[in-house]
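J.: pasting the sequence and the predicted model now:
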Amino acid sequence: PASPLSSAGFVVGHAGLYQALAMFAVAYFIIGMTVLSVCAIATNGALDAGGAYYMISRALGPEFGGSIGIMFFLANVCGSALYVLGLVEAVVDSFGIPPGQKAGTGVHVLPQSYWYELLYGTVLLALCLLVCLVGASIYAKATFLIFLIVAGVLGTILVSFFATRPIGVPIRLPHFNGSETENGSFTGFSLATLRDNLGGGYGVDYTTGQMMSFSSVFAVMFNGCTGIMAGSNMSGDLKRPSYSIPRGTISAVLFTYLVYNLLAFLMCATCNRTLLQKDYGFLRDISIFPPLVTVGIYAATLSAAMSNLIGASRILYALARDDLFGRALALAKKTSASGNPVMAVILSWLVVQLVLFSGKLNTIAGVVTTFFLLVYATVNLACLALEWASAPNFRPTFRYFTWHTCLLGIAGCCVMMFLISPVSASASLGFLLLLLLALHYLSPSSTWGYISQALIFHQVRKYLLMLDVRKDHVKFWRPQMLLMVQNPRGSARLIDFVNDLKKSGLYVLGHVELQDLDTLPSDPLQPQQDSWLSLVDKLNVKAFVSLTLAPSVRHGVRQLLFTSGLGGMRPNTLVLGFYDDAAPQDGLARHPAFTSAREEVPLGFPPLRAPAAPKLLSAREYVGIVADALKMLRNVLLARQLESLDKAWELRRAASPPPTIHVWPVNLLRPDSARYADTCSLFLLQMACVLNMARAWRRARLRLFLCVEAGAMPHAQEEKLRQLLKDLRIQAQIQLVPWDAVTCLHWQTRQGPPGGLAPAGAAEEEEEEEAVNFPANTTQVSDEYVCAANKLVLEQSPAPAVRFLYLPRPPADTSLYPLYLHQLELLTRGLGPTVLVHGVSAVTSTQL
């Protein structure tokens, strides 16, 4: 059909009155739901240029906005070409030389061929271009004039149905060897004509030779309804878009819906099916003043073409101004002195000109309809997301919508897309997905606000409330880490290592700033937050950041242990770097995240402490932090020399055998009470197994060391341990290690404390400490024994990638804290990357 005016006749001629009314109802139901969403978004804040693109991008973010913006631009471009081709078809019907004739007669003077029709379309499109180049003001005046003309034509047509007497209308149809003529008839109001036109009677479209169906007719008809977005596309040119868009759009929808239904009924009651199917310009033949109908059809079609062209240019200009596609659309930013985006208009005109090469308008109708339906579905999705996010700032003054209307609009658009053309719908969705992925990875970040963040917050809050700690079970235990970091420059590899160790659990990077808020004008942590978040992004670790102010590091760690996390997601394991005299190394500058990308280390982190500078906490305070965590029933990991762990080299080297993880599940500082199945030993085994399950560590092999003494039936112990590993589904190689030479050093000094280090009354104190599960380990072993244990661990070859050792509890007597730390330092000296582990909760299960 040449224009929206005559599309009603095309629909009724093929579909019949019942199906035509159903088509109008479905189309306007979809449009009505979308209009409600448009009005809601349009009245929720200031609108700028871009119409639907602006609404979607500011609601759903740049990825959705940019991809839908391109789809909407293409829809408007194809729509403009569609109407230009429709106008060419109308002009050729009126003034074209009949097929088979070499010269025209009377008004039939225009040659007909593909190239001539392309020429006519190019001329008409150039006229649209001139109007759009002048600016929005002349376009508004032109469209208002066209509206008056179309309104007059519509009045004339309605009068003609009553005033025109029954007539026969000869219809000249193109044929492969010339043309043929059929006779249609205008019967006037006739019950027989109405009865004949009630049911469907799909025939061949004489312009394309294709057989029509419900979906193909709906596709053509729907293009006559897409003008509802014309007002919103001009949002940047309207003085009060939030006022004008709802009123203008709703009025247009109601008016056109009534007109379509009225015309459909009048046509069914007065025109036979041959006239409706074979002559898309029949309104001119039955009019009391035919020239006016011709002018009206031309004006309506030209207006629709201009509307789509100027809409496409505004969308392209908005896309270019938002810099979502970088330099690719830089040219479209240029405007005239009056602010008219002339380059965007010219670029849109060029694309429309390319689409004109497709030739026949019904050929591209399905693609245009699919694009428009996809855009409408996304507008509804944007409104639905805003409604479901329950953000306090979503307060549209237009209240006649709910999430039900949005959902119905989305469902209607999607169903009709696939009914019209499953291939076009699938291809459009695939193209949309490609644009989404491209923009997600390539487009710069925006400051518009992301609805995804609001929706995620809404859902996370709901599920956190459902996460009941009273329903925790050991089968589903996972490590939830709090890693204390003094300066990320010296802890980059430790941060990466703990990320492998978390096993999809909570991971929090904690930092204590030693300042007093009472003496400061503002919170000093807020400026640091961005640097820490940038660090998390660059290192590609899945971690949260928690910063706190405290008078001491120990108080700060207590605060974080008490307050980090939310609901059922709270840290159950504290990870600390080891306290020693080693000079800190700047591992951040050497980290692959910065060396490979040649990026600078994020600003905001101070330089590392000089070796001679005093530390921020004492040895006593450090051990006190460990004791505090155990009192709070948190597991503790102490990581030593993890900055020397080159994971990439260890795990990717091609040499055989594969790297190993050494596991020592015995308390080396308490050989007289060594057990392999206590809570701490099982936790140590679990942590080593968790590390081995991480993707980067799957090539490594676990090696478990069983310390045995002479005459202690080592094979029985080995078989018992092997059965334990089997029950726990842990694959590890067991290696027997005789340690009589080490334990004898312990028994030699067992009779008395070494070097007089234990205070008076040590025996009574030990009994009291054991009563509260704080055995005084440090009073029972000598430095000589600890060095021997260290040597025993070090001699096991080949050297592993990392070692896991048992961490004994700190002594109850705080005066022994320095000695306790001294013995830990001796035990781990020279071992390379080592993790000391103490677990306080059951974490392994043999149940299903």
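T.: That came in fine, so what should we check first?
J.: Y676 falls within a helix, correct?
T.: No: the assignment for Y676, made by DSSP: H, G, I helix; E, B strand; the rest coil, is coil rather than a helix.
J.: count of neighbours near it?
T.: Using other C-beta atoms under 10 Å, Y676 has 17 neighbouring residues. Any C-beta I mention is one placed from the backbone N, CA and C, and that applies to glycine too.
J.: so it sits against W664, correct?
T.: No: contact criterion C-beta atoms under 8 Å: Y676 and W664 do not qualify, at 10.3 Å.
J.: intersection of neighbour lists for these two?
T.: Here Y676 and W664 have no joint contacts, going by C-beta atoms under 8 Å, 6 or more residues apart in numbering.
J.: which stretches of this protein form strands?
T.: Counting by DSSP state E, the chain has strands at residues 167-175, 178-186, 481-484, 507-514, 544-550, 573-577, 635-640, 660-664, 701-708, 733-738, 802-806, 834-838.
J.: between those strands, which gets nearest to R670?
T.: Closest to R670 of the strands of the chain, according to C-beta to C-beta: strand 802-806, at 8.8 Å.
J.: need the strands of the chain in CSV (columns: distance to Q796, mean neighbour count and mean pLDDT).
T.: Output for these, formatted as CSV (distance: least, C-beta to C-beta, whole Å; neighbours: other C-beta atoms under 10 Å; pLDDT from 0 to 100):
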stretch, distance to Q796, mean neighbour count, mean pLDDT
strand 167-175, 92, 14, 71
strand 178-186, 97, 15, 73
strand 481-484, 28, 24, 94
strand 507-514, 31, 21, 93
strand 544-550, 37, 18, 93
strand 573-577, 24, 25, 95
strand 635-640, 17, 24, 95
strand 660-664, 7, 24, 91
strand 701-708, 7, 20, 88
strand 733-738, 7, 14, 86
strand 802-806, 9, 25, 93
strand 834-838, 13, 25, 94
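J.: how about these in TSV, adding distance to A716?
T.: Below are those laid out as TSV (distance: least, C-beta to C-beta, whole Å):
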stretch	distance to A716
strand 167-175	99
strand 178-186	103
strand 481-484	37
strand 507-514	41
strand 544-550	47
strand 573-577	33
strand 635-640	30
strand 660-664	20
strand 701-708	10
strand 733-738	12
strand 802-806	22
strand 834-838	26
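J.: any idea which of the ones you listed gets closest to Q210?
T.: Nearest of the strands of the chain (C-beta to C-beta): strand 167-175, 14.0 Å.
J.: what's in contact with stretch 512-526?
T.: 484, 486, 528, 547-553, 556-557, 560, 616.
J.: look up how far V217 lies from V204.
T.: 12 Å (C-beta to C-beta, to the nearest Å).
J.: between those two, who's got more neighbours?
T.: More crowded of V204 and V217, by other C-beta under 10 Å: V217, with 26 against 13.
J.: isn't that one up against F10?
T.: Yes: under the criterion of C-beta under 8 Å, V217 makes contact with F10 at 7.2 Å.
J.: output the lowest mean pLDDT helix or strand found in this structure.
T.: helix 762-771 (a mean of 40; mean pLDDT, DSSP states H and E).
J.: residues contacting G409?
T.: Counting by C-beta under 8 Å, 6+ apart, G409 makes contact with 30, 33-34, 36-37, 376-377, 379-380.
J.: now distance to V786, pLDDT and neighbour count too, for these, in JSON lines please.
T.: Putting the contacts of G409 into JSON lines (distance: C-beta to C-beta, whole Å; pLDDT from 0 to 100; neighbours: other C-beta atoms under 10 Å) gives the following:
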{"residue": "I30", "distance to V786": "78", "pLDDT": "87", "neighbour count": "25"}
{"residue": "M33", "distance to V786": "76", "pLDDT": "90", "neighbour count": "26"}
{"residue": "T34", "distance to V786": "75", "pLDDT": "87", "neighbour count": "30"}
{"residue": "L36", "distance to V786": "76", "pLDDT": "90", "neighbour count": "24"}
{"residue": "S37", "distance to V786": "72", "pLDDT": "88", "neighbour count": "29"}
{"residue": "Y376", "distance to V786": "74", "pLDDT": "84", "neighbour count": "29"}
{"residue": "A377", "distance to V786": "70", "pLDDT": "88", "neighbour count": "23"}
{"residue": "V379", "distance to V786": "71", "pLDDT": "84", "neighbour count": "33"}
{"residue": "N380", "distance to V786": "70", "pLDDT": "88", "neighbour count": "27"}
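J.: can you put those in CSV and add distance to L539?
T.: CSV is the format used below for those (distance: C-beta to C-beta, whole Å):
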residue, distance to L539
I30, 47
M33, 45
T34, 44
L36, 46
S37, 41
Y376, 42
A377, 38
V379, 39
N380, 39
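J.: looking at those, spot the one nearest Y116.
T.: Out of those, the member with the shortest distance to Y116 (by C-beta to C-beta) is Y376, at 36.0 Å.
J.: my read: the closest one touches I30, true?
T.: Yes: counting by C-beta under 8 Å, I30 is a contact partner of Y376 at 6.4 Å.
J.: what's the local residue count around the spatially closest residue to Y785 that is not a sequence neighbour?
T.: Using C-beta to C-beta, 6 or more residues apart in numbering and skipping residues adjacent in sequence, the residue nearest Y785 is L745, 4.3 Å away. Per other C-beta under 10 Å, the neighbour tally for L745 reads 18.
J.: kindly report the same for S522.
T.: S522: 8 neighbours (other C-beta under 10 Å).
J.: I'd like to know how far it sits from L547.
T.: 14 Å.
J.: domains for the protein, by residue range?
T.: Under the assignment the TED database, the domains of the chain span 4-102+110-442, 471-749+778-838.
J.: just these: most buried one?
T.: domain 4-102+110-442 (a mean of 20; mean count of other C-beta atoms under 10 Å).
J.: report the distance from it to the chain centre.
T.: In this view, domain 4-102+110-442 has its centroid 31 Å away from the chain centroid, taken as C-alpha atoms, centre = their mean, to the nearest Å.
J.: could I get the average pLDDT for stretch 201-212?
T.: Here stretch 201-212 scores 80 as its mean pLDDT.
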